[in-house]
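**Q** What shape does this take:
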Amino acid sequence: MLRTVICQCGLQIRVSDETAGKILRCVCGRSLLVPIHASRIPLPEDPAPDARPVAPAAAPTDRPADDGSGGPAIPEFPARPRPRPQPDSAALWLAGGGAIAVALVTLAIASSRTLRMWVAGVPPRGVTVVEAGAEEAPPADEGAAAAAPPEDANLAASGSSASEPVVPTAPAEPRVPQPSPLPPADPTALPGAVVLYSDAQPYLARMRSLKDLGGDRPIALQFQGPGGDPNIISNFRAAGTWRSNDDGRLTVDGSKQAALDLGEYGDLELYCEADAGQLGGWFVLLGWNGDQGALLYHIQLQRSSAWFAYEAEDGKFPVRRTELTDRRWTGRQTLRVSWVHGVLSAFLDGEPLGRAVPLKNAPEKGRLHLGTATTEYGPMPLRIHRLVVRRIADP
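**A** Now for the predicted structure:
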């Protein structure tokens, strides 16, 4: 009797009962166990030669053929063809949609550019605009265009005509570094900062600083101010001295005009922490070399408190001035004056005092002075707590 064993590849193999419980190998290479109880297929005892099924011609193999002894005969079958992978419909839809989206975006950009050109009055390339009532120009002679001189060819290539004037492009102005309006919490922590005077110093240190600033004697400073007003500096000449009070503040000794010499600098920042809430006038003189310099002047009156900027010409400050702002000094505040590349900027407690003022003939280096000037109320009785100056190096 023969029994049928089905492999995982789907091939049905007929084996004899003697192979029950044995392990056979299929033509696909898998191992399969012949069960003990399996479906049996009865065969006739003496089948006719014509009724015997003819097995298809098998491919040559190294396996031994059935010799009629009842051993297993394993037929060879061709391998099944693998199914072709079907394309992913979602990927096809995504690719097609992406291509359509790119085409729509390109068309929209081109349309918007053409529309902007029409709105600006510039027709797109290849379009000729003919005004109403104007005759259409005859077509240009190709031979004449080819014989045109090189200059006309360059003009035609650039899109301009010979009748249009060529406007030269002005060179870009150098960028002037602007100081930050925010004051530092401690200006002494800035790089290059030097404390010229501080009421927190010991007495001997304060007296030494006062002597270094020339406050113990009238310094040799005089200039002709703008005048024209009893409250504006007319002719300044330092005649008074300064003293350090018991509380450490630096004030003018007496009611005369006086000034301090803070040294010679190029680009700088000055921090003056003081009480300047009284009536009177005072100033900061920057980059002074005897002929050129900048003057920041503050006059505090009963009803106004104005700030002005002047530029010296041949050792004189003309009447022309730049009025910065009208802001009153109240209590203890910090004035920060910036002098960078000939541009004067001033801040009071971090708020700008008007706009920055560029000076035409600013010297690269000069003396720095701080002083009080006579007005109808006399010099302002400044009470200075701290003076800090910082040199600014080029980046």
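**Q** Who does Ile299 form a beta bridge with?
**A** In this structure, Ile299 bridges to Gly281, Ala306 when assessed by DSSP bridges.
**Q** Not counting sequence-adjacent ones, nearest residue to Pro379?
**A** Distance criterion CB to CB, 6 or more residues apart in numbering; nearest residue to Pro379, sequence neighbours excluded, is Thr372 at 3.5 Å. No exception for glycine: its C-beta is placed from N, CA and C like everyone else's.
**Q** what does Arg321 give?
**A** Distances taken as CB to CB, 6+ apart place Phe308 nearest to Arg321, at 4.8 Å, with adjacent residues excluded.
**Q** Do me a favour and average the pLDDT over the helix or strand where the one you found lies.
**A** Element membership for Phe308 (DSSP states H and E) is strand 305-311. Throughout strand 305-311, pLDDT has a mean value of 89.
**Q** Give me the below-cutoff pLDDT ranges for the stretch 151-300 of the chain.
**A** Across the stretch 151-300 of the chain, residues meeting the criterion (pLDDT under 70) sit at 151-185, 230.
**Q** As a check, name the ranges of all strands in it.
**A** In chain order, the stretch 151-300 of the chain shows strands spanning 193-198, 222-224, 235-237, 241-244, 250-253, 258-265, 268-275, 280-288, 294-300, with DSSP state E, counting those that start in this stretch as the criterion.
**Q** Could you export these as a markdown table, including mean neighbour count and distance to Leu104?
**A** Supplementary listing: the strands of the stretch 151-300 of the chain in a markdown table, determined by neighbours: other CB atoms under 10 Å; distance: least, CB to CB, whole Å:
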| stretch | mean neighbour count | distance to Leu104 |
| --- | --- | --- |
| strand 193-198 | 18 | 61 |
| strand 222-224 | 16 | 73 |
| strand 235-237 | 15 | 75 |
| strand 241-244 | 19 | 78 |
| strand 250-253 | 21 | 75 |
| strand 258-265 | 21 | 64 |
| strand 268-275 | 21 | 57 |
| strand 280-288 | 24 | 62 |
| strand 294-300 | 24 | 61 |
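**Q** Mind checking those strands for the one nearest to Pro358?
**A** Closest approach to Pro358 among these (CB to CB): strand 294-300, 10.2 Å.
**Q** got a list of contacts for the closest one?
**A** Counting by CB atoms under 8 Å, 6 or more residues apart in numbering, the neighbours of strand 294-300 from elsewhere in the structure are 225, 231-233, 276-287, 305-312, 317, 328-329, 337, 339, 344, 346, 357, 359, 362, 373, 375, 380.
**Q** Correct me if wrong: Asp267 contacts Val340.
**A** Yes: the pair formed by Asp267 and Val340 meets the contact definition of CB atoms under 8 Å, at 4.7 Å.
**Q** Export the strands of the stretch 151-300 of the chain to a markdown table and append columns for distance to Cys7.
**A** Conversion of these to a markdown table gives the following (distance: least, CB to CB, whole Å):
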| stretch | distance to Cys7 |
| --- | --- |
| strand 193-198 | 93 |
| strand 222-224 | 115 |
| strand 235-237 | 117 |
| strand 241-244 | 112 |
| strand 250-253 | 109 |
| strand 258-265 | 100 |
| strand 268-275 | 94 |
| strand 280-288 | 103 |
| strand 294-300 | 104 |
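**Q** Which one of those strands lies nearest to Ile109?
**A** The minimum distance between Ile109 and the strands of the stretch 151-300 of the chain falls on strand 268-275, with 49.8 Å, by CB to CB.
**Q** by contact count, what packs against the closest one?
**A** Contact partners of strand 268-275 among helices and strands, from 3 or more CB pairs under 8 Å, 6 or more residues apart in numbering; DSSP states H and E: strand 280-288, strand 332-340, strand 366-373, strand 383-391.
**Q** any common contacting residues for Asp267 and Val340?
**A** Taking CB under 8 Å, 6+ apart as the contact criterion, the common neighbours of Asp267 and Val340 are Ile392.
**Q** Minimum distance to Ser209: which of the strands of the stretch 151-300 of the chain has it?
**A** When the strands of the stretch 151-300 of the chain are compared for distance to Ser209 using CB to CB, the nearest one is strand 193-198, at 4.6 Å.
**Q** Contacts for the closest one, please.
**A** Looking at strand 193-198 with CB under 8 Å, 6+ apart, the contacting residues turn out to be 187-188, 206, 209-210, 212-213, 248, 250, 262-263, 384-390.
**Q** Among the residues you listed, the buried ones, what's the ChimeraX command?
**A** In ChimeraX, this line selects whichever of these come out buried by 16 or more other CB atoms under 10 Å:
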select :187,206,209,210,213,248,250,262,384,385,386,387,388,389,390
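**Q** Tell me the secondary structure of Ala103, please.
**A** With DSSP: H, G, I helix; E, B strand; the rest coil as the basis, Ala103 sits in helix.
**Q** Quick one: residues contacting the residue nearest to Pro379.
**A** Applying CB under 8 Å, 6+ apart, the residues contacting Thr372 are 240, 252, 257-259, 280-283, 379-382.
**Q** From Ile392, how far out is it?
**A** 27 Å (CB to CB, to the nearest Å).
**Q** same check, this time on Ala103
**A** Ala103 sits 57 Å away from Ile392, taking CB to CB as the criterion.
**Q** quick one, which of those two is more surrounded?
**A** For Ala103 and Ile392, the more surrounded residue by other CB atoms under 10 Å is Ile392, and the numbers stand at 19 against 10.
**Q** Can you give me the domain boundaries for the chain?
**A** The record's domain split for the chain, according to automatic domain parsing, is 1-79, 187-391.
**Q** Now distance to Ala99 too, for these, in TSV please.
**A** Output for the domains of the chain, formatted as TSV (distance: least, CB to CB, whole Å):
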stretch	distance to Ala99
domain 1-79	40
domain 187-391	56
